[in-house]
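> Generate coordinates for the sequence data below:
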Amino acid sequence: MVSLVPFFALLGLFVGSFLNVCIDRLPRGQSIAYPPSHCAGCHHKLGFFDLIPLVSFLWLKGRCRYCKAAIPVRIPIVEAVTGLLFALLAWKYGLRVELGITLIYASLLLVIFVIDLETTYVMSVTVFPSMIAAFAFSLFWPGIRPLDLPGGPVIDKLASSLMGGVIGFAGMWLPYVIARMVYHREGMGKGDIQLSALVGLMTGFPFVIIAWFLAVISGAIISSALLLFKIKKRTDPIPFGPFIAVAAMVTLLWGQNILTWYLG
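As a prediction, the model looks like this:
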């Protein structure tokens, strides 16, 4: 399905532009539909040629056409990353149901990743509705491994997804409780617990365990490096949501390969 890749790469660029709107407005409690896209500096409504993904940023040299305010470099980065993700998913799955599901998951996780990186918050408005969708998608996602329970394949897959959600919730809730009881502070945010439960619903059992380990290990390595090179201080918050989001995407794409490798 090589011919699909350029189309979905282009589609991803435009979807990335919309994701930037979500990233900008959701933390402020604003509507993602109205008002139309405008400059954050002068509030001038942006025209069609101001909104062409990547091209507009390069053509305008990273500045607003009207007030010359700097355009955040995050804007083209999110557009480019979304385009690359869409191209990768189209190449991997072709026109199958897995493509539609992973496109939605990739877009959602990217929004959560960037918002948490910029604000240190995982927003419930992005997580709770997604839990319902992930639970429904588990019926169609082949990565959900059946638990061989009585009641048929539908009950089996839903049970696997639900079990993944419970394990994902517990895996983050327990460290949260222990940190509050022993150190009298929060080791992680409540949003991380919600996000981990969402990832469990997405991946099901046993892949939620892979996602959990990937998030913890990558978080520990990168956080240690940030402290070692004095990029962050011990008192600085380091958001954990981005690690969970990346681990979730890796597990969705290659969880079976990782499990096969681990089992030898």
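> Got phi/psi on R63?
Backbone torsions of R63, given as degrees, to the nearest 10, read phi -140, psi 150.
> who touches it in this structure?
A69, A70, I71 (CB atoms under 8 Å, 6 or more residues apart in numbering). No exception for glycine: its C-beta is placed from N, CA and C like everyone else's.
> what's the spacing between the closest residue to the last one other than its chain neighbours and P76?
Take I71 and drop its neighbours on the chain: the residue closest to it by CB to CB, 6 or more residues apart in numbering is G62, 5.2 Å away. To P76, G62 is 8 Å away according to CB to CB, to the nearest Å.
> of these two, who's got more company?
P76 (21 against 15; other CB atoms under 10 Å).
> ok, now which ones touch the more buried one?
P53, L54, F57, L58.
> rerun that using 10 Å as the cut-off
Counting by CB atoms under 10 Å, 6 or more residues apart in numbering, P76 touches L13, G16, S17, N20, P53, L54, V55, S56, F57, L58, G62.
> next one: S37
Counted by CB under 10 Å, 6+ apart, S37 has contacts S17, F18, N20, V21, D24, K45, L46, G47, D50, L51.
> Might one say that the last one is in contact with F14?
Yes. With the criterion set as CB atoms under 10 Å, L51 and F14 qualify as a contacting pair; they are 9.0 Å apart.
> Check which helix or strand Q256 maps to.
helix 241-262 (DSSP states H and E).
> what pLDDT, on average, does that helix get?
What helix 241-262 shows for mean pLDDT is 94.
> let's number from 440 now, not from 1
Let's use 440 as the start, then, which means that last one is helix 680-701.
> and it, what other elements does it pack with?
helix 513-532, helix 536-558, helix 592-617, helix 629-642, helix 646-667 (3 or more CB pairs under 10 Å, 6 or more residues apart in numbering; DSSP states H and E).
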